[in-house]
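In: Here's my sequence, what's the structure:
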Amino acid sequence: MHGTMIRTIYIIILIYFALGGVGFYLINRRKTPEAARESYVKFGTYFLIINLLFFSIILHTMAFRVLTVLIIIAGFTELSTLFVRSERNNVPFFVCSLIIYTVFSILFFIFGAGTRDQILFAFLVLSIFDSFSQITGQLWGHHKLVPAISPGKTWEGLLGGVLISLFSAWLLSDLARDTMPEMIVFTIGIPAFAFFGDLLSSVYKRKYKVKDFNRLIPGHGGFLDRFDSLIAGGAWVALYTMIMLH
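Out: Sure, this is the predicted structure:
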């Protein structure tokens, strides 16, 4: 990947962040000053995280692989800590959750060992879906998707995130190097798995009656709160690649 393409991709990222910033501004006008401040902190932290992951992929994929391991370990720690804090309640549920997380983590680790172009394409599509599903949902969402599990998720947010990520995949199609039908299937799988991973994380927190895993990342509810969709989306990429190779 040459320098011109990297600059173009980074400019696209900055444009998306600018649009996201406008979206957050419109959303935060409806909130209390304290809630708006927390929202801006979350946006700023997310910007730093995206830059960290982006440049780890660009500079050397080994750096990204190290981050995948750290993310996986942090996730295991948060799941276990919450279980212990609950005085080890719901043991079967915890074991089942740990098995699912282990499978996703193995696939996510395999994803981290992929080619730079594939990792970058999937990471960008997933990040765009993650961001704009929240923004479109908060701006125009009226129909709850899974109110019993995650009250903030709406059909409008999911649709908005999927459509924007599909459009973004078209912009970034040079990275995918697939036929158009293959790219569509590949791209749709990323937000589908990302959404599923986020949902599983919400189920786990509700089971143990907490809002957040912790507050170690400013504006976010823990490492899994920030990276659950990345783990699940990466797992889809690894699974898709294995299926296509066979």
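In: hey, let's count contacts and neighbours off CA atoms from now on
Out: Will do.
In: Just the residues contacting the lowest-mean-pLDDT helix or strand in the chain, thanks.
Out: Of all helical and strand segments in the chain, the minimum by mean pLDDT, DSSP states H and E falls on helix 173-176, at a mean of 80. Residues outside helix 173-176 that contact it (Cα atoms under 8 Å, 6 or more residues apart in numbering): 117, 118, 120, 121, 183.
In: 6 Å instead, please
Out: 117, 121 (Cα atoms under 6 Å, 6 or more residues apart in numbering).
In: how distant is the helix or strand just after it from the center of its chain?
Out: Downstream of helix 173-176, the first helix or strand assigned by DSSP states H and E is helix 180-207. On the basis of Cα atoms, centre = their mean, to the nearest Å, helix 180-207 is displaced by 9 Å from the centre of the chain it belongs to.
In: Kindly report the same for stretch 62-76.
Out: Relative to its chain's centre, stretch 62-76 lies at 14 Å (Cα atoms, centre = their mean).
In: when you give positions from now on, start the count at 14
Out: That works, and once the first residue is 14, the last one we named lands at stretch 75-89.
In: That stretch - what's its average pLDDT?
Out: Mean pLDDT, stretch 75-89: 95.
In: Kindly export that stretch (C-alpha atoms) in CSV.
Out: This file holds the C-alpha atoms of stretch 75-89, laid out as CSV (Å, rounded to 0.1, in the frame of the first residue of the first chain):
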residue,chain,number,x,y,z
MET,A,75,2.7,-7.0,14.3
ALA,A,76,1.8,-4.0,16.4
PHE,A,77,-1.9,-4.6,15.7
ARG,A,78,-1.5,-8.3,16.6
VAL,A,79,0.0,-7.3,20.0
LEU,A,80,-3.1,-5.0,20.5
THR,A,81,-5.4,-7.9,19.7
VAL,A,82,-3.8,-10.0,22.4
LEU,A,83,-4.1,-7.2,24.9
ILE,A,84,-7.7,-6.6,24.0
ILE,A,85,-8.5,-10.3,24.4
ILE,A,86,-6.8,-10.5,27.8
ALA,A,87,-8.6,-7.3,29.0
GLY,A,88,-11.9,-8.9,27.9
PHE,A,89,-11.3,-12.1,29.8
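In: So, low pLDDT: which residues of this protein?
Out: For the chain, the stretches with pLDDT under 70 are 14-15, 190, 259.
In: Please enumerate the strands of it.
Out: Here the chain has its strands, by DSSP state E, at 157-159, 163-167.
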